[in-house]
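Undergrad: my questions concern the predicted model and sequence given below.
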Amino acid sequence: MKRKKILLVNLPFEKIYEKTKIKGVTPSTPPLSLACIAGSLLADKNEVQIFDFNIYDEGTGEFEKTLVQFKPDFLGITFVTPLIREADRVAGIAKKISPGIIVVGGGPHASSFPESALKETAIDIVVIGEGDFAILDIVRGNDFQDIKGIAYKKGDEIFINEKRLPLESLDVLAYPAHNLYEISKYKVSPAIARKNPVAWLETSRGCLYNCIFCNKSCFGKTFRTKSSERVVDEFIWIKKMGFKEIHLTDDSFTTKIDRAKKICDLLIEKKVNINWATVTGIRVDKVDLELLQKMKMAGCYRVYFGIESGSQKILNRIKKGITTGMVQKAVSLSKQAGLEVAGYFMIGLPGETEETMQETIDFAKSLDLDLAKISITIPLPATEIFNELEGKGLIKTHDWEQFKFYSTPSSIYDHENLTWDMIEKYYNRFYRAIYLRPSFIGKRLLFSIRNGTIFSDIKMAISTIK
């Protein structure tokens, strides 16, 4: 079988974060999803390149040059909801330069809305759910109608095939091809990472929980893992490639506490000695002191918790499945273990009032976190919250480009209780309340001087509170 050439594309993310208060510290890291797909393709003896628009000042010209020089047979594009127009633009460029190229799309939006994703773009095929093996069937030239887990165009018709069952064990996956990236071109702010460059690492897929704001179209609700030994081998693999820090990308690394402890034990035993953090968040009800102490000894320096709200009423409303008491205990245990603690919050959630928003601000202050981030609720398509708002007639548009993270979504939907001016007032108040406290300023100033990050921290502070 002839080796195929595949060009994988990471779209420019600046449009997604352009309204965020923390735009200055949004991370620049090699995308893991494309490294995973590339690993599968390379293991199948194909030729693969990755093009990341985010590392170029003028990405379109460089992309066109890459297409001409590499001459790929397939183009793979991963995209989230607000980047569907960008995905269409990039697919159109590729087809103009290489009319015979087959364009494959993937990611949460393609998995949630395969039919509309095909109708609205120049993409030929979309992968629904996990793409590690579906992409191999496509590239090998299998008949599209026989490939599970895809949707495709044939003339003016669109066909959606039977779903592919989720992988039971993730140990069958090839190692991510991080080596395809120019890692020196990626840098994460010192406010988020201690050392650069930073790599993402996946130890599990799937989430067992029912938060109404979360999209599970790609990996589903079944929790599946890599073995502890495989995870530690990937830590070592990433370190050998020149990365200085690892950020875990799991929906919840600690879902199985005993497994997480074993990973830590092996990291300690093998003296892997690399900084890492749970940047995508772990649950406050899935930690204990022993685990947190082991994480610290194994190189973890900061834990991130998905807290969302300081109002128990709102936590119940969004089906978070935790209590404010659990949050307080998890934060306290983390500090006892010597870890930095960061918290993720949301504002403008269903049922939110001025009182509950103030509760969140007061609660966040009381936790004395090292870092805190809040976002205004965006009802992402295919989530329970989106469907609920749609049913109430509160969704105002299906123009997916409007669904940008960290923006005021006044053009997307109407909140049932609050005006957008009121929500934005409390959003701004949150950051001022957290980051203008004398205790926080003093603690962060000492940290900045000790770690040589004072200028980047000042830049972050100005962008956050202005």
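TA: Thanks, I have it. Numbering: from 1, shown residues only.
Undergrad: got the buried residues for stretch 226-238?
TA: Neighbour-count burial for stretch 226-238, counted by 16 or more other C-beta atoms under 10 Å, picks out 226, 228, 230, 231, 232, 233, 234, 235, 237, 238. From N, CA and C alone the C-beta is placed, and that goes for glycine too.
Undergrad: typo on my end, it should be stretch 126-140
TA: For stretch 126-140, by 16+ other C-beta under 10 Å, it's 126-139.
Undergrad: in strands, which of those residues appear?
TA: Mapping the buried residues of stretch 126-140 onto strands (DSSP state E) picks out 126, 127.
Undergrad: quick one on the thing from earlier: could I get the buried residues of stretch 226-238 as TSV with secondary structure, pLDDT and distance to residue 397?
TA: Shown next, in TSV, are the buried residues of stretch 226-238 (DSSP: H, G, I helix; E, B strand; the rest coil; pLDDT from 0 to 100; distance: C-beta to C-beta, whole Å):
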residue	secondary structure	pLDDT	distance to residue 397
226	coil	97	40
228	helix	97	45
230	helix	98	43
231	helix	98	41
232	helix	98	46
233	helix	98	46
234	helix	97	41
235	helix	98	43
237	helix	95	44
238	helix	97	41
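Undergrad: now for those residues: which two are most distant?
TA: 228 and 238 (16.0 Å; C-beta to C-beta).
Undergrad: coming back round to it: distance to residue 379 added to the buried residues of stretch 226-238, as TSV?
TA: As requested, the buried residues of stretch 226-238 are exported to TSV (distance: C-beta to C-beta, whole Å):
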residue	distance to residue 379
226	32
228	37
230	36
231	34
232	39
233	39
234	34
235	36
237	38
238	35
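Undergrad: where do the strands sit along the stretch 101-250 of the chain?
TA: Ranges of strands in the stretch 101-250 of the chain, per DSSP state E, counting those that start in this stretch, are 102-106, 125-127, 150-154, 157-160, 198-201, 204-205, 224-225, 245-248.
Undergrad: tell me which of those is the most buried.
TA: When you average the neighbours per residue for each of the strands of the stretch 101-250 of the chain (mean count of other C-beta atoms under 10 Å), strand 125-127 leads with a mean of 27.
Undergrad: so what are the sheet partners of that one and their directions?
TA: If you go by DSSP bridges, strand 125-127 pairs up with strand 102-106 (parallel), strand 150-154 (antiparallel).
Undergrad: re the thing from before, make TSV out of the strands of the stretch 101-250 of the chain and add distance to residue 333 and mean pLDDT.
TA: Formatted as TSV, those follow (distance: least, C-beta to C-beta, whole Å; pLDDT from 0 to 100):
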stretch	distance to residue 333	mean pLDDT
strand 102-106	38	97
strand 125-127	40	97
strand 150-154	45	96
strand 157-160	46	96
strand 198-201	24	97
strand 204-205	22	95
strand 224-225	23	96
strand 245-248	19	98
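Undergrad: out of the ones you listed, which is closest to residue 37?
TA: Closest to residue 37 of the strands of the stretch 101-250 of the chain, according to C-beta to C-beta: strand 102-106, at 7.7 Å.
Undergrad: mind checking how far the closest one is from the chain centre?
TA: Strand 102-106 has its C-alpha centroid displaced from the chain centroid by 20 Å (C-alpha atoms, centre = their mean, to the nearest Å).
Undergrad: do stretch 72-80 as well
TA: With C-alpha atoms, centre = their mean, you get 18 Å for stretch 72-80.
Undergrad: for stretch 274-281, same thing?
TA: Distance, stretch centre to chain centre, for stretch 274-281: 13 Å (C-alpha atoms, centre = their mean).
Undergrad: mean confidence score for that stretch?
TA: Stretch 274-281 shows a mean pLDDT of 97.
Undergrad: list the buried residues for it?
TA: Neighbour count says stretch 274-281 has 274, 275, 276, 277, 278, 279, 280, 281 buried, by 16+ other C-beta under 10 Å.
Undergrad: give the contact list for the first one.
TA: By C-beta atoms under 8 Å, 6 or more residues apart in numbering, the contact list for residue 274 reads 235, 238, 239, 243, 244, 245, 246, 299.
Undergrad: kindly state the beta-bridge partners for the closest residue to the fourth one other than its chain neighbours.
TA: Right, the one you point to is residue 243. By the measure of C-beta to C-beta, 6 or more residues apart in numbering, the closest residue to residue 243 outside its immediate chain neighbours is residue 199, 4.1 Å from it. Beta-bridge pairing of residue 199 under DSSP bridges involves residue 246.
Undergrad: residue 199 touches residue 247, doesn't it?
TA: Yes: using C-beta atoms under 8 Å, residue 199 makes contact with residue 247 at a distance of 7.4 Å.
Undergrad: which neighbours do the two have in common?
TA: Here residue 199 and residue 247 share the contacting residues residue 29, scored by C-beta under 8 Å, 6+ apart.
Undergrad: out of the helices and strands in this structure, which is least certain?
TA: Lowest on mean pLDDT, DSSP states H and E among the helices and strands of the chain sits helix 454-465, with a mean of 53.
Undergrad: parallel or antiparallel, list what pairs with the host helix or strand of residue 49.
TA: Assigned by DSSP states H and E, residue 49 falls within strand 47-52. If you go by DSSP bridges, strand 47-52 pairs up with strand 5-10 (parallel).
Undergrad: so what's the gap between the partner strand and the chain middle?
TA: Centroid displacement of strand 5-10 relative to its chain, using C-alpha atoms, centre = their mean, is 20 Å.
Undergrad: right, and the helix or strand after it?
TA: Counting by DSSP H and E, the element after strand 5-10 in chain order, helix or strand, is helix 32-43.
Undergrad: which parts of that next one are buried?
TA: Along helix 32-43, these residues count as buried under the neighbour rule (16+ other C-beta under 10 Å): 32, 33, 34, 35, 36, 37, 38, 39, 40, 41, 42.
Undergrad: quick one: contacts of that helix?
TA: For helix 32-43, the external contacting residues (C-beta under 8 Å, 6+ apart) are 6, 8-10, 48, 50, 76, 78, 106-107, 131-133, 135-136, 139, 173-178, 180-181, 199-202, 249.
Undergrad: quick one: secondary structure of the nearest residue to residue 247 once chain neighbours are set aside?
TA: Nearest non-adjacent residue to residue 247, counting by C-beta to C-beta, 6+ apart: residue 279, 4.1 Å away. Under DSSP: H, G, I helix; E, B strand; the rest coil, residue 279 falls in the strand class.
Undergrad: same question, residue 307
TA: Here residue 307 takes the strand state, with states given by three-state DSSP.
Undergrad: give me the three-state assignment for the residue lying closest to it once chain neighbours are set aside.
TA: Leaving aside its chain neighbours, residue 307 sits nearest to residue 343 (4.6 Å; criterion: C-beta to C-beta, 6+ apart). Secondary structure state of residue 343, per three-state DSSP, is strand.
Undergrad: picking up where we left off before, residues contacting the residue nearest to residue 243?
TA: Neighbouring residues of residue 199 by C-beta under 8 Å, 6+ apart: 29, 30, 32, 178, 183, 238, 241, 243, 245, 246, 247.
Undergrad: redo that, cut-off 10 Å
TA: 29-30, 32, 35, 176, 178, 181, 183, 186, 234-235, 237-239, 241-247, 249, 274, 276 (C-beta atoms under 10 Å, 6 or more residues apart in numbering).
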